[in-house]
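Chemist: model the structure of this input:
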Amino acid sequence: MVNAGQINLVYHPMNFLDQDSTDQYSTRASGAILYVASNDPNTEHLMNFVSNLYSEDYQPSEGPDYKATGNDKIKAQALKAGVPEAVIDKAFDGQYNKWLTAVYNYTVSRPELQNQSGQNKGSMSTPAVTINGTLIDQTEISQLRLPQQQALLKSLGLKESQVGQKGVLPKIGSAGAPESLQ
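Modeler: Predicted coordinates:
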């Protein structure tokens, strides 16, 4: 969708899950994402790296089931995505730690990113997906039992067969807001 010009994708890495790990995994992984974004001009590498970090066969468990995940394991996901070794080798020096803390403090307080319904009403949860600044309600997605990809496409007014087709643009609502999931 990015390559076809159907969406502009903006990542906002955050470190809010450090309390659910024993080794600041969230800060280290987010810092590596930021370093790659700043130092590898190939955006495909970045998108693949982020995807690898969230893949079912890699993403560490959160909370009491968390197992220490060293920088070498994060690095392996970057290399698998095509990130040059010379780039990822420099990604773990903590240069983005203060920035990540500031972003976290700012982001969780933004009312437009807070859930409007459900058990998380009034707080932010992930994934926080917005279309033209309007939050896609994760509670509604859960209640409708929609897979994330299907919910996103429905919000954009696109069919699966239209994904990645140049010239086929989203049919978002007249106010630029997401289409209804109902």
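
Chemist: and the strands in the protein?
Modeler: Chain-ordered strands for the chain, with DSSP state E as the definition, fall at 130-131, 134-135.

Chemist: nearest to S109, of the ones you listed?
Modeler: Evaluated with Cβ to Cβ, those place strand 134-135 nearest to S109, the distance being 14.3 Å. (C-beta placed from N, C-alpha, C; glycine too.)

Chemist: against which helices or strands is that closest one packed?
Modeler: Packing partners of strand 134-135 (3 or more Cβ pairs under 8 Å, 6 or more residues apart in numbering; DSSP states H and E): none among the helices and strands.

Chemist: which residues does it contact?
Modeler: Contacts made with strand 134-135 from outside it, assessed by Cβ atoms under 8 Å, 6 or more residues apart in numbering, are listed as 112-116, 128-129, 176-178.

Chemist: make it 6 Å
Modeler: Defining contact as Cβ atoms under 6 Å, 6 or more residues apart in numbering, one finds that strand 134-135 is touched by 113, 177-178.

Chemist: going through those residues, which ones are buried?
Modeler: Buried by 16 or more other Cβ atoms under 10 Å: 113, 178, out of those.

Chemist: in a markdown table, list the contacts of strand 134-135 along with pLDDT and distance to L17.
Modeler: As requested, those are arranged in a markdown table below (pLDDT from 0 to 100; distance: Cβ to Cβ, whole Å):
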| residue | pLDDT | distance to L17 |
| --- | --- | --- |
| L113 | 89 | 16 |
| A177 | 79 | 29 |
| P178 | 85 | 26 |
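
Chemist: ok, the contacts of strand 134-135 vs G94, which is closest?
Modeler: Closest to G94, out of all of the contacts of strand 134-135 and judged by Cβ to Cβ, is L113, at 26.1 Å.

Chemist: run a quick check on the closest one versus M124, I expect a contact.
Modeler: Yes: counting by Cβ atoms under 6 Å, L113 does reach M124; the two are 4.9 Å apart.

Chemist: take the strands of the chain and write them to JSON lines, including mean neighbour count.
Modeler: Formatted as JSON lines, the strands of the chain follow (neighbours: other Cβ atoms under 10 Å):
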{"stretch": "strand 130-131", "mean neighbour count": "16"}
{"stretch": "strand 134-135", "mean neighbour count": "17"}
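
Chemist: can you pull the contacts of A177?
Modeler: Applying Cβ under 6 Å, 6+ apart, one finds that A177 lies in contact with T134.

Chemist: how near is it to N8?
Modeler: Separation of A177 from N8 (Cβ to Cβ, to the nearest Å) stands at 16 Å.

Chemist: and G82, by the same measure?
Modeler: As judged by Cβ to Cβ, G82 and N8 stand 22 Å apart.
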